[in-house]
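[1] Provide a 3D model corresponding to the input given below.
(chains A and B)
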2 protein chains.
Amino acid sequence: MIQTISSPDNQHIKAAAALRQKKQRDDTGLFLLEGLHLVEAAINEKWLIEQTFFCEDRLARSQIAEFSEKLLANGSKIFAVSSSVFKKIAETDTPQGIIAVARQCRVDLSATTQPAKVGDSLPWVVLDAVQDPGNVGTIVRNADAAGVAGIILTPGCADIYAGKTVRATMGSMFHIPIYKASVQQCLDFFLEREIPVYVADAASAESYAEIDWRLPCAIVFGNEGAGVSELFRQKKTRSVAIPIVGKAESLNVASAAAVILFEAARQRGFSLS
Amino acid sequence: MIQTISSPDNQHIKAAAALRQKKQRDDTGLFLLEGLHLVEAAINEKWLIEQTFFCEDRLARSQIAEFSEKLLANGSKIFAVSSSVFKKIAETDTPQGIIAVARQCRVDLSATTQPAKVGDSLPWVVLDAVQDPGNVGTIVRNADAAGVAGIILTPGCADIYAGKTVRATMGSMFHIPIYKASVQQCLDFFLEREIPVYVADAASAESYAEIDWRLPCAIVFGNEGAGVSELFRQKKTRSVAIPIVGKAESLNVASAAAVILFEAARQRGFSLS
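    Got it, this is the predicted structure:
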């Protein structure tokens, strides 16, 4: 059953538009998904979608009908809105005609007894105050592509539920467990389990290519400007660098993550186990 | 000698601001550099800087004095401007207080008898209609970091001299030769020299990890949506994929370039020769 909303002052429209602010997302535990691909990825991975807004000027009736069936089965309410109402919620300049309000999945690191969903020996990824939403989203996508046990975000990271981050993940945020934890909680988690922690640090004398990535491990990528927190540089961790061959000073953090995670994948024969 | 400009209608200010448009850049052969790091990188690599605008509200006098010496030696005219005048030229929200007008370096592929500047056996990178300035700039930076013979941009690529592209290169555009050529010119260039051409294609059955990257080669990365041109998919080239381990559909083109170029660097022992 599809309801029609014609006023931009409708309460559902106002509530959805408010989710563009982090405070509203934090308070409600909801976030926005924009575009067919992202909504489909969320449905496929059984994330809860509470409401969906279709813009009938931007999507074919057949597409709306096909999607509505999946969305109703998922429990979503469905609204049809005009272009001008739709623009009140849309974050992108050329929205695809579908925006969903989904429920955040808060995964508790302390309740995790072992890497969830995927093989025990896959690496963990820790993002330590990586602040650019595009970088966080791209690393989630790279990590999903290379195969990881999970991703931990420390305070100071871009909000995983911000529109820019969500879109940069290209749906990968629904495929892998993503946790929030402090630097100390992170270290405790890995040290208690005797999982070695590698810290990506351009100043390190040790090359990532010399590491045996077939064993369980965690890899920490730091802030774009400041690098990783002091606590991660302690003796119990090991720093690794990507050797720079030319004259570039460094790699962008998302590219560095791609290089190290795919070296790990290569060593493991591109296998999930 | 530093001249002061107080009017936003000054001819130098108007001419510099116009360089934010591609047509003006193409017509004049000039482009803008914003920020200390980029201007320094250009000076170090002996690129010609015609004019430099300092914003005295945003830079310390000592920094301006130090830079002015280098800039005068380079042949640049130097202007001191107020914050409001400076904002007429600046492209970023929080400009660093220095913007330079530099001369483009048009490198002719047909005049190239061999890879310039660096070792003969380094890979070439071809960007085929990669349209996002951030992607083009990041790949230039990744390529510089991994070590390449040169980069060729086909029509449809983001303008290498656009502000966003320039900033994403983080100065790497001054370190390696960058050429413009048609797809056919590209293919002719490599086939005449018997340099094998690898095409990054997610649908390929061959893994990048199986290739011997120690030999001279060219690697083609395609458009974000459409991939590489049909002409590059012909029999004389060989396609390679990055195997996806998890559920992600693909990698972003800049991350894919980082993965393949650093596998090549790893196989060559991270050496420039």
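[2] dump the residue contacts of residue A:201.
    Counting by CB atoms under 8 Å, 6 or more residues apart in numbering or on different chains, residue A:201 makes contact with A:222, A:227-228, A:233, A:239-241. No exception for glycine: its C-beta is placed from N, CA and C like everyone else's.
[3] let's see it at 6 Å
    residue A:239 (CB atoms under 6 Å, 6 or more residues apart in numbering or on different chains).
[4] Okay, it and chain B: tell me how far apart.
    15 Å (CB to the nearest CB, to the nearest Å).
[5] Remind me what the host helix or strand of residue A:240 packs against, helices and strands.
    Here residue A:240, judged by DSSP states H and E, is contained in strand A:238-240. Other helices and strands packing on strand A:238-240, by 3 or more CB pairs under 6 Å, 6 or more residues apart in numbering or on different chains; DSSP states H and E, are strand A:197-200.
[6] Contacts only, for the nearest residue to residue A:142 once chain neighbours are set aside.
    Counting by CB to CB, 6 or more residues apart in numbering or on different chains, residue A:142 lies nearest to residue A:258, which is 4.6 Å off, once chain neighbours are set aside. Residues in contact with residue A:258 (CB under 6 Å, 6+ apart) are A:142, B:255, B:258-259.
[7] Which of the three states applies to residue A:258?
    Here residue A:258 is helix, with the state taken from DSSP: H, G, I helix; E, B strand; the rest coil.
[8] and the helix or strand that contains residue A:65, what's its mean pLDDT?
    Residue A:65 belongs to helix A:61-74 when assigned by DSSP H and E. Per-residue pLDDT values across helix A:61-74 average out to 87.
[9] try stretch A:77-86
    Rounded mean pLDDT across stretch A:77-86 is 93.
[10] Can you point out the buried residues in it?
    By neighbour count on 16 or more other CB atoms under 10 Å in any protein chain shown, the buried set for stretch A:77-86 is A:77-81, A:85-86.
[11] Quick check: residues of the stretch 51-200 of chain A near chain B?
    Within the stretch 51-200 of chain A, the residues that sit near chain B (CB under 6 Å from any CB of the partner chain) are A:138, A:141-142, A:144-147, A:172, A:175.
[12] okay, stretch A:256-264 in CSV with CA atoms only?
    Output in CSV follows, covering the C-alpha atoms of stretch A:256-264 (Å, rounded to 0.1, in the frame of the first residue of the first chain):
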residue,chain,number,x,y,z
ALA,A,256,47.1,2.7,1.5
ALA,A,257,44.3,0.5,2.9
ALA,A,258,43.6,-1.0,-0.6
VAL,A,259,47.4,-1.8,-1.0
ILE,A,260,47.8,-3.5,2.3
LEU,A,261,44.5,-5.3,2.4
PHE,A,262,45.0,-6.7,-1.1
GLU,A,263,48.5,-7.8,-0.3
ALA,A,264,46.9,-9.7,2.6
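[13] Flag every buried residue along it.
    So, applying 16+ other CB under 10 Å, buried residues of stretch A:256-264: A:256-264.
[14] Out of these, which is nearest to residue A:37?
    When the buried residues of stretch A:256-264 are compared for distance to residue A:37 (CB to CB), residue A:258 comes out closest, at 20.7 Å.
[15] Would you quantify the distance from that closest one to residue B:61?
    42 Å (CB to CB, to the nearest Å).
[16] Pick out the residue of the stretch 151-273 of chain A closest to chain B.
    Minimum separation of the stretch 151-273 of chain A from chain B (CB to the nearest CB) falls at residue A:245, amounting to 3.4 Å.
[17] residues contacting that residue?
    B:146-147, B:265, B:270, B:272.
[18] Tell me the spatial nearest neighbour of it, not counting adjacent residues.
    Residue A:245 sits nearest to residue B:147 (CB to CB, 6+ apart), 3.4 Å away.
[19] Confirm for me that that neighbour is in contact with residue A:246.
    Yes. The pair residue B:147 and residue A:246 passes the contact test of CB atoms under 6 Å, sitting 4.9 Å apart.
[20] more neighbours, those two?
    residue B:147 (27 against 20; other CB atoms under 10 Å in any protein chain shown).
[21] just to revisit the earlier point, need the buried residues of stretch A:256-264 in TSV with pLDDT and distance to residue B:186, can you?
    Below are the buried residues of stretch A:256-264 laid out as TSV (pLDDT from 0 to 100; distance: CB to CB, whole Å):
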residue	pLDDT	distance to residue B:186
A:256	98	29
A:257	98	30
A:258	98	25
A:259	98	26
A:260	98	31
A:261	98	30
A:262	98	26
A:263	98	29
A:264	97	33
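[22] what sits against the residue nearest to residue A:245?
    Residue B:147 neighbours (CB under 6 Å, 6+ apart): A:245-246, B:122, B:265, B:272.
[23] Run me through the strand neighbours of the strand holding residue A:240, direction for each.
    According to DSSP bridges, strand A:238-240 forms sheet pairs with strand A:197-200 (parallel).
[24] hmm, back to that, just the buried residues out of the residues of the stretch 51-200 of chain A next to chain B, in ChimeraX syntax.
    Here is the ChimeraX command that picks out the buried ones among those, judged by 16+ other CB under 10 Å:
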select /A:138,141,142,144,145,146,147,172,175
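[25] which one of the residues of the stretch 51-200 of chain A next to chain B is nearest residue A:42?
    Closest to residue A:42, out of all of these and judged by CB to CB, is residue A:175, at 10.6 Å.
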